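In: What shape does this take:
(chains A and B)
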Amino acid sequence: MYDTRNAERDVTQNEIKMSARKCQVFYGDKQAIIDVDIDVEDKMVTAFIGPSGCGKSTFLRVLNRMNDTIPIARVEGAITLDGEDIYDPRVDPVQLRARVGMVFQKPNPFPKSIYDNVAYGPRIHGLATGKAEMDAIVEKSLRRAALWDEVKDRLQEPGTGLSGGQQQRLCIARAVATEPEVLLMDEPCSALDPIATSQVEELIDELRESYSVVIVTHSMQQAARVSQKTAFFHLGYLVEYGETGQIFTNPRDERTESYISGRIG
Amino acid sequence: MTVENAHIHAAFDRDLETIQAEVMKMGGMVETAIAEATKALELRDEDRAEQVVANDLQIDALELQIDEEVARVIALRQPIATDLRTVLTVMKISANLERVGDYAKNISKRTSALVEMQPIEGAAGALRRQAKAVELMLRDALDAYIRRDVDLAHDVRIRDREVDQMYNSLFREFLTHMMEDPRNITACMHLHFIAKNIERMGDHVTAVAEQVIYLVTGDLPFDDRPKADDTAGIGGPKG
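Out: Presented below is the predicted three-dimensional model:
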């Protein structure tokens, strides 16, 4: 009776792209993440959900060492990308962030032209040897972000002059320009209207072809729509992690159920 | 797994309670229809049979109302997890109950024809007992729904076998009557359809019990439940 089920639900075949074992994060004395074990699969969208303050954004930032920028933050445990420890002292966090890109909640284009916003990453990482090559990278990235047709005639205009949804797609283009392997998104649609949200969600689905995408979202419906696997965080713990369809039809943990169905827990 | 906590949106709880109350009301009406239809048959009471036919309109109307309210809850509240399973099972249970109601109506229509004929000895009482078994199964299935009682639902599922066995013996009995005296054929044909209707009711009640299991556990039972309707082979080469 199971052979007629949707093939998209078959989510255990992909390779593990990133993994965490016994991850702990402290902000000074306060522990924000407790004993998190997780495997993030390649070419898959993984959603992190949970109430405010549950640690999901903190944990997302563990994956590309964004917490390094917070002096009181301390990360323990093994975090690996393709099996290599990303917290190894020999790892350059700037290089790591080229491989593990990030898109933030509020669109934050640089106060530069659309072109330069996208070219910035490839330029500092020396990914292009000439103008023609850089032009190609910019076009490819903007196409991937489904923005090319809207901006191709005004690449020299400031990125800040675009609409909110366009700015967010510009940030996605900027993030994919360095050919990352993992794309982290921290509530990428919370400042966007429903149309722009749909465009970004469609884009996320396309990005899955090439990358492993991890998205933090407050919208249950968004997690359900875009992700193949969902992780529920609560009070710093990873409570439940599983196939998205299962989480939303039959969660195993009562805390997950209460949260996703909007109950008083 | 089900969660008993209240929703933050209290109106969501009220919506879910309303549609569940309606499906239970529908279940009660169908229970009555089964009992009344077979009572009318046994008593050869045409008025009672006509009342069952008339009441079926209300059952059908309630099913439509439940469908509309479920569609509304899906559109406005986007139920997930237990809430989603609740609305899905409400829809399926109401559809099954509606079918059981139709069978009761069909029994009543045949009763109106049967009162014009010579009674077949023992038939009405046997059908009444078969229907009683289904009625009790339905009552337990609805109780299992209200109490979220998986064990009781499993019990209902198993008991459908008895209804199948009663149908088998009635099938043979009617066949015997028809062979003995061809003047019994018309009445026995009607009686056989009634027995088959009751057997089908049992299948729909079993489906209700299975929905209870799905509601509580998130999985449908997919083992082959015991079945005992073997009349498909009767009269064949090995007859």
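
In: list the contacts for the residue in the stretch 101-250 of chain A positioned nearest to chain B?
Out: Proximity of the stretch 101-250 of chain A to chain B (CB to the nearest CB) peaks at A:N250, 3.1 Å away. All C-beta atoms are positioned from the backbone trio N, CA, C, and that covers glycine. When the contact criterion is CB atoms under 8 Å, 6 or more residues apart in numbering or on different chains, the partners of A:N250 are B:M1, B:A81, B:R85, B:G218, B:D219.

In: Helices - which of the residues you listed land there?
Out: B:R85 (DSSP state H).

In: Now a PyMOL select for only the buried ones of the contacts of A:N250.
Out: Buried subset of the contacts of A:N250, written as a PyMOL selection, criterion 16 or more other CB atoms under 10 Å in any protein chain shown:
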select buried, chain B and resi 81+85+218
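
In: Filter the contacts of A:N250 to keep only those in contact with chain A.
Out: Counting by CB under 8 Å from any CB of the partner chain, B:M1, B:A81, B:R85, B:G218, B:D219 from the contacts of A:N250 sit close to chain A.

In: burial count for A:P194?
Out: Other residues near A:P194 come to 9 when the count uses other CB atoms under 10 Å in any protein chain shown.

In: next one: A:M185
Out: The burial count assigned to A:M185 is 28, neighbours taken as other CB under 10 Å.

In: Just to be sure, it is in a strand?
Out: Yes. Under DSSP: H, G, I helix; E, B strand; the rest coil, A:M185 falls within a strand.

In: mind listing what it touches?
Out: The neighbours of A:M185, taking CB under 8 Å, 6+ apart as the test, are A:M102, A:V103, A:I204, A:V213, A:V214, A:I215, A:V216.

In: let's see 6 Å
Out: A:V103, A:I215 (CB atoms under 6 Å, 6 or more residues apart in numbering or on different chains).

In: Equivalent analysis for A:S261, please.
Out: Under the criterion of CB under 6 Å, 6+ apart, the neighbours of A:S261 are B:I80, B:A81, B:D83.

In: who's in contact with stretch B:13-29?
Out: Residues outside stretch B:13-29 that contact it (CB under 6 Å, 6+ apart): B:6-7, B:59, B:62, B:66, B:69, B:73, B:86, B:90, B:93-94, B:97, B:142.

In: pLDDT averaged over it - what is it?
Out: Per-region confidence: stretch B:13-29 scores 95 on mean pLDDT.

In: quick check, distance from it to the centre of its chain.
Out: Centre-to-centre, stretch B:13-29 and its host chain are 17 Å apart (CA atoms, centre = their mean, to the nearest Å).

In: Buried residues of that stretch, list them for me.
Out: B:D15, B:L16, B:I19, B:Q20, B:E22, B:V23, B:M24, B:M26, B:G27, B:M29.

In: Return the distance of the fourth one relative to chain A.
Out: Using CB to the nearest CB, to the nearest Å, B:Q20 is found at 16 Å from chain A.

In: In three-state terms, label B:A195 for me.
Out: helix.

In: burial of it, as a residue count?
Out: B:A195 is flanked by 26 other residues according to other CB under 10 Å.
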